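Engineer: Generate a structure from the sequence data that follows.
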Amino acid sequence: MEGKPIIAGNWKMHKTTNEGSAFAMSVQNILVDIKNVSVVFSPPFIGLFELEVESPFFKAAQNCHWEDHGAFTGEISTSMIKSCGAEFVIIGHSERRQYFGDSNKWINKKIKSVIAEELNPIFCIGETLDERESGKTEERLRNQIVKGLDGLKDLNKIVIAYEPVWAIGTGKTANNLQIREAHSYIKKVIKELYPSIQDIQVLYGGSVKPSNAGELICVPHVDGFLIGGASLDVDSFSSIVQIVEDIQENK
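Structural biologist: As a prediction, the model looks like this:
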């Protein structure tokens, strides 16, 4: 998994258990020869246990609670997620921040819990359109990184996903320069906070689809994708993975 581009599909609140299982099986059958890409399915919690995958395919939860157990109705702990065979947990997605009140403090607690369970956080950060237009993108990204990673000694298991909020599910995509600058800045901040780190994988998310995947994966500092809408269709998702695989194969 290390060093390979990661293509992660965030299904959000879509697909029943049976639909998810059939979807994952279809994708794996299409992509049977994949060697240079790690593919991550992120179903709703109910789909984690039934979803059957083998490397280079993996499972991710879309969220977690930071406590291992307790009176937290409706929540899921990282040990429960691990017991379903998942290896990743998406933390801090903009929809969690916007609709469910996930603060930087909560996100920090969740990341620590995920790492303590020896799982891999996919830590989401990104700016709103107002922040982008007012020149506050870097300030927003730095704030989310510093507070989200507060107290962590190393980043061995962490993957970062840059998702400009204004490009999620809107059909809009940040242009190549915007993406390159954001990813470069994220890696610069990480290097400042963790001077010994060699590199960290930063995924791009924001209306990624087969028609732009080849161009986007070639943008410097883009190490994969976190995909929403296009991850719900077998052909679209498989095509994106295959595009990235072919580019890696020909490097």
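
Engineer: Using CSV, write out every CA atom in the worst-scoring helix or strand of the chain on mean pLDDT.
Structural biologist: Each helix and strand of the chain was given a mean pLDDT (mean pLDDT, DSSP states H and E); the minimum falls on helix 129-133 at a mean of 89. Presented in CSV, the C-alpha positions along helix 129-133 are these (Å, rounded to 0.1, in the frame of the first residue of the first chain):
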residue,chain,number,x,y,z
LEU,A,129,-15.7,29.3,-1.5
ASP,A,130,-15.8,32.5,0.7
GLU,A,131,-12.4,31.5,2.2
ARG,A,132,-11.0,30.9,-1.3
GLU,A,133,-12.2,34.2,-2.7
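
Engineer: tell me which residues in that helix are buried?
Structural biologist: Under the neighbour-count criterion of 16 or more other Cβ atoms under 10 Å, helix 129-133 has Glu131, Arg132 buried. C-beta here means a position set from N, CA and C on the backbone, and glycine is covered the same way.

Engineer: From the rest of the structure, what touches it?
Structural biologist: Contact with helix 129-133 is made by Thr137, Glu139, Arg140, Pro164, Val165, Trp166, as judged by Cβ atoms under 8 Å, 6 or more residues apart in numbering.

Engineer: swap the cut-off to 7 Å and go again
Structural biologist: With contacts defined as Cβ atoms under 7 Å, 6 or more residues apart in numbering, helix 129-133 is touched by Thr137, Arg140, Pro164, Trp166.

Engineer: ok, the residue lying farthest from the centre of the chain to Thr78 distance?
Structural biologist: The centre of the chain is farthest from one residue, Ala71, which by Cα atoms, centre = their mean lies 28.3 Å away. Relative to Thr78, Ala71 is positioned 17 Å away (Cβ to Cβ, to the nearest Å).

Engineer: Show me the shaky parts of the stretch 1-150 of the chain.
Structural biologist: Within the stretch 1-150 of the chain, the segments meeting pLDDT under 70 span 1-2.

Engineer: all strands for it, in order.
Structural biologist: With strands called from DSSP state E, counting those that start in this stretch, the stretch 1-150 of the chain shows them at 6-10, 38-42, 57-61, 88-91, 120-125.

Engineer: Rebuild those as TSV, extending it with mean neighbour count and distance to Leu48.
Structural biologist: Listed next are these as TSV, based on neighbours: other Cβ atoms under 10 Å; distance: least, Cβ to Cβ, whole Å:
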stretch	mean neighbour count	distance to Leu48
strand 6-10	26	13
strand 38-42	27	9
strand 57-61	23	6
strand 88-91	26	10
strand 120-125	27	15
